[in-house]
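Trainee: Here is the input, now give the coordinates:
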Amino acid sequence: MAEVCLTTVDNPYSPFSEWENWYEFDVSKGYNTCQLLARIANSSDELSDAEEERIIEDAIDEIVTINALGLYKKVKKGEFPSDNIKKQKE
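Mentor: Residues are numbered from 1 along each chain as shown. Reported below is the predicted structural model:
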């Protein structure tokens with residue numbers, strides 16, 4: 001699983017450990033962050049997992065850099081309290 005994700009500054013859920021809640025919040029606000037990321041990332045089924053992760057992270061970096069409204073941010077796995085709780089259970 002990826003070590004970084006794209007999220008919005010107001011989404012309280014972790015895209016790592018609270019995916020369903022994160023996604024529901026994102027779509028309910030009309031952000032459609034996953035679709036934005038898919039449009040920017042030039043991914044392919046022919047890429048290795050490592051190449052795919054690099055392309056996605058590059059796209060996240062591009063979105064955050066161009067982020068004119070200050071809506072998006074890059075987060076790392078473990079930054080949310082729920083990420084750490086889930087880790088302890090495993």
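
Trainee: which residues sit in contact with Leu47?
Mentor: Going by Cβ atoms under 8 Å, 6 or more residues apart in numbering, Leu47 touches Ile55. No exception for glycine: its C-beta is placed from N, CA and C like everyone else's.

Trainee: Could you measure from it over to Leu36?
Mentor: Relative to Leu36, Leu47 is positioned 20 Å away (Cβ to Cβ, to the nearest Å).

Trainee: Could you tell me the per-residue confidence at the closest residue to Asp10 other than its chain neighbours?
Mentor: Leaving aside its sequence neighbours, Asp10 sits nearest to Lys29 (Cβ to Cβ, 6 or more residues apart in numbering; 7.5 Å). As predicted, Lys29 sits at a pLDDT of 98.

Trainee: Hmm, Thr7 and Lys29 touching each other?
Mentor: No - using Cβ atoms under 8 Å, Lys29 is not in contact with Thr7; the gap is 11.4 Å.

Trainee: Those two: which is more packed in?
Mentor: Using other Cβ atoms under 10 Å, the more surrounded residue of Lys29 and Thr7 is Thr7, with 25 against 13.

Trainee: That one: what's it in contact with?
Mentor: Contacts for Thr7 (Cβ under 8 Å, 6+ apart) come out as Pro15, Trp22, Asp26, Thr33, Tyr72, Lys73, Val75.

Trainee: Cheers, nothing more for now.
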